[in-house]
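# could you look at this predicted model? Sequence included:
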Amino acid sequence: MYAIPLGDDGARLCPLEPWQAEEFLAHIDRGREFIGQHNGLPDVVTDLESSRAFLQAYAEKTAADTGRIYGIRTDGTLVGAVIFRTMDVARGTAEAGCWLEPAAVGRGLVTRAVRVIIDWAVEERGIHRVEWWVSAGNEPSIAVARRLGMTRDGVLRESHPYRGERHDEEIWSVLAPDWRAARQAS
């Protein structure tokens with residue numbers, strides 16, 4: 001299996017596949033409460049069968065070129081993931097997302113991993129617009145969008161029902177020309 005280094009600290013980005021369902025479930029279990037603060041994934045991945053089904057859905061998205069999932073590993077342990085929840089190559093749009101378990105927070109792993117997948121989407125798949133949808137209360141995720149040079153497009157007020165409450169959702173994005181210009185400047 002291939003892995004893309006995310007820096008000098010040994011962190012790596014690699015695909016996640018259905019055969020890794022047990023490891024994926026263990027990762028979700030380690031971070032269930034933390035991840036679930038803003039992300040419904042822990043409500044979806046609750047046992048080995050649902051873990052396998054979630055990864056299978058992304059395997060099918062990969063085969064159809066409509067989404068992707070990549071694991072973030074440190075010291076060989078799965079500690080998080082980045083995704084293209086949606087990807088429409090014909091329209092040139094994609095929506096990126098992420099999560100980490102608590103032990104991996106604060107090391108820049110998500111920012112580094114999302115840079116890799118946005119580079120790939122823009123340069124290899126011709127994606128023009130990458131979006132980042134985030135609960136308005138999820139400050140760490142909003143900080144990632146800022147670090148990535150994304151622009152806040154707007155707020156969908158009380159658009160997202162989650163665990164019995166309605167939440168505002170912010171939409172951030174970066175366009176391919178802006179992404180390329182920022183990458184060249186750095």
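Thanks, I have the structure now.

# which residues of this protein score low on pLDDT?
Applying pLDDT under 70 to the chain flags residues 1.

# where do the helices sit along it?
With DSSP state H, the ranges of helices along the chain come out as 21-35, 41-44, 48-64, 109-125, 139-147, 176-185.

# residue 169: which of those helices is closest?
Among those, helix 139-147 comes nearest to residue 169, with 11.1 Å by C-beta to C-beta. To be clear about C-beta, it is placed using only N, CA and C from the backbone, and glycine gets the same treatment.

# packing partners of the closest one?
helix 109-125, strand 129-135, strand 165-175 (3 or more C-beta pairs under 8 Å, 6 or more residues apart in numbering; DSSP states H and E).

# just the ones you listed: most buried one?
With neighbours taken as mean count of other C-beta atoms under 10 Å, the helices and strands packed on helix 139-147 reach their highest mean count in strand 129-135, at a mean of 21.

# between it and strand 165-175, how many degrees?
On the basis of axes from the mean of the first three to the mean of the last three C-alpha atoms, to 10 degrees, strand 129-135 is oriented at 160 degrees to strand 165-175.

# contacting residues for the closest residue to residue 6 other than its chain neighbours?
Sequence neighbours aside, residue 112 is the residue nearest to residue 6 in space, at 4.4 Å (criterion: C-beta to C-beta, 6 or more residues apart in numbering). The neighbours of residue 112, taking C-beta atoms under 8 Å, 6 or more residues apart in numbering as the test, are 6, 7, 11.

# just give me the neighbour total for the first one.
Think residue 6. The number of residues packed near residue 6 is 22, by other C-beta atoms under 10 Å.

# now the last one
When neighbours are defined as other C-beta under 10 Å, residue 11 has 22 of them.

# the second one now?
Applying other C-beta under 10 Å, we find 11 residues neighbouring residue 7.

# residue 175 versus the residue nearest to it when sequence neighbours are not counted, what's the distance?
Excluding the flanking residues, the one nearest residue 7 by C-beta to C-beta, 6+ apart is residue 112, at 5.9 Å. Distance, residue 112 to residue 175, by C-beta to C-beta, to the nearest Å: 21 Å.

# check the gap between residue 175 and residue 162 for me.
Distance from residue 175 to residue 162, counting by C-beta to C-beta: 28 Å.

# beta partners of residue 69?
Under DSSP bridges, the beta-bridge partners of residue 69 are residue 83.
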